[in-house]
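In: Got a predicted model here, sequence first, then my questions.
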Amino acid sequence: MSTKNVLVAGGAGYVGGAVTDELLARGTSNFRVFDNLLYEDAYRKDVEFIFGDVRDTEQLLPHLAWATHVIWLAAIVGDGACTLDPQLTVQINQESVSRLAEHFDGRIIFTSTCSVYGAQPGELTEKSPEKPLSLYAGTKRKAESFLTEKNAVTFRLGTLFGVGDLFSRIRMDLVVNYMTAHAHAHGKLRVFGGEQFRPLLHVKDVARAIVDSLDQPHAGI
């Protein structure tokens, strides 16, 4: 059986923390994290770590040459965060994925968002029309298009919740995490409307699905 070398781009983030724990739990020995530690002061896990920026292709290339599998989590996530610097959002969410597709021919696991469907009535499927309404959704959809001819699988994730691991910054802008913290702090929940539907997904379930897909033959969205 050939050696599997897994590069986790953005592995120090919210989803990355859960993914690295899952890799460790399954005994995956040859993997490394590539991250710019945007929200952390240091990387604290006993995992090979490279401090780097996915926009720096020259720095990234040796690690792509080493890897047989890439888990691509690096992104600016969420509508609000993306609008703060649209040019930076395009560079990270879109252009870096284009270069990944250009320079890497192994297995790719890419995380996108169900926001590519926009606001539509009823339940949606993978065949539903795409109507991205924000810069975040638009850059993710464009990034997906670079991977259509690659050995890649794309996850269009719903709204995440839960604690990813002991080290990574938990996202408090996500509805379940926010409501849980508010209930703890104030002893009550306040819900506006009540008829809304959100596709909720635990961050550790995402990690399991990602690691499950490393060696599966399926590809696509």
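Out: Structure received.

In: what's near enough to touch the residue nearest to the spatial centre of the chain?
Out: Compute the mean C-alpha point of the chain, and by C-alpha atoms, centre = their mean the closest residue is Leu73, 3.5 Å away. Shown in contact with Leu73 (C-beta atoms under 8 Å, 6 or more residues apart in numbering): Val8, Ala9, Gly10, Gly11, Gly13, Val15, Gly16, Val19, Thr111. Where C-beta positions appear, they are placed from N, C-alpha and C, glycine not excepted.

In: Export only the CA atoms of the worst-scoring helix or strand of the chain on mean pLDDT, formatted as CSV.
Out: Within the chain, no helix or strand scores below helix 175-186, which has a mean of 84 by mean pLDDT, DSSP states H and E. Once non-C-alpha atoms are left out, helix 175-186 reads as follows in CSV (Å, rounded to 0.1, in the frame of the first residue of the first chain):
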residue,chain,number,x,y,z
VAL,A,175,-26.2,30.6,15.3
VAL,A,176,-26.1,27.5,17.6
ASN,A,177,-22.8,28.6,19.1
TYR,A,178,-24.1,32.1,19.7
MET,A,179,-27.4,31.0,21.1
THR,A,180,-25.7,28.5,23.4
ALA,A,181,-23.4,31.2,24.8
HIS,A,182,-26.3,33.7,25.1
ALA,A,183,-28.3,31.1,27.0
HIS,A,184,-25.4,30.4,29.4
ALA,A,185,-24.7,34.1,30.0
HIS,A,186,-28.3,35.3,30.3
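
In: For that helix, buried residues please.
Out: For helix 175-186, the neighbour count (16 or more other C-beta atoms under 10 Å) marks Asn177 as buried.

In: Can you check what pLDDT the model gives the residue of the chain most remote from its centre?
Out: In the chain, counting by C-alpha atoms, centre = their mean, Gly187 sits farthest out from the average C-alpha position, at 32.2 Å. Looking at Gly187, its pLDDT is 90.

In: measure it to Ala181 for me?
Out: In this view, Gly187 and Ala181 are 12 Å apart by C-beta to C-beta, to the nearest Å.

In: Please apply the same query to Ser112.
Out: Distance of Ser112 to Ala181, computed by C-beta to C-beta: 27 Å.

In: contacting residues for the closest residue to Ala152 other than its chain neighbours?
Out: What sits nearest to Ala152 in space, not counting adjacent residues and going by C-beta to C-beta, 6 or more residues apart in numbering, is Ile108, at 3.8 Å. Ile108 sits next to His69, Val70, Trp72, Leu100, Ala101, Leu147, Lys150, Asn151, Ala152, Val153 when contact means C-beta under 8 Å, 6+ apart.

In: Return the subset of the residues you listed lying in helices.
Out: Among the contacts of Ile108, the ones falling in helices (DSSP state H) are Leu100, Ala101.

In: Drop anything exposed from the contacts of Ile108.
Out: Buried among the contacts of Ile108 (16+ other C-beta under 10 Å): His69, Val70, Trp72, Leu100, Ala101, Leu147, Lys150, Ala152, Val153.

In: For these, give me TSV that also has distance to Glu126.
Out: Shown next, in TSV, are the buried ones among the contacts of Ile108 (distance: C-beta to C-beta, whole Å):
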residue	distance to Glu126
His69	23
Val70	22
Trp72	19
Leu100	22
Ala101	20
Leu147	15
Lys150	18
Ala152	15
Val153	12
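
In: Turn those residues into a markdown table, including pLDDT and distance to Pro129.
Out: Output for these, formatted as a markdown table (pLDDT from 0 to 100; distance: C-beta to C-beta, whole Å):
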| residue | pLDDT | distance to Pro129 |
| --- | --- | --- |
| His69 | 97 | 31 |
| Val70 | 98 | 29 |
| Trp72 | 98 | 25 |
| Leu100 | 97 | 26 |
| Ala101 | 97 | 24 |
| Leu147 | 96 | 20 |
| Lys150 | 95 | 23 |
| Ala152 | 95 | 22 |
| Val153 | 95 | 21 |
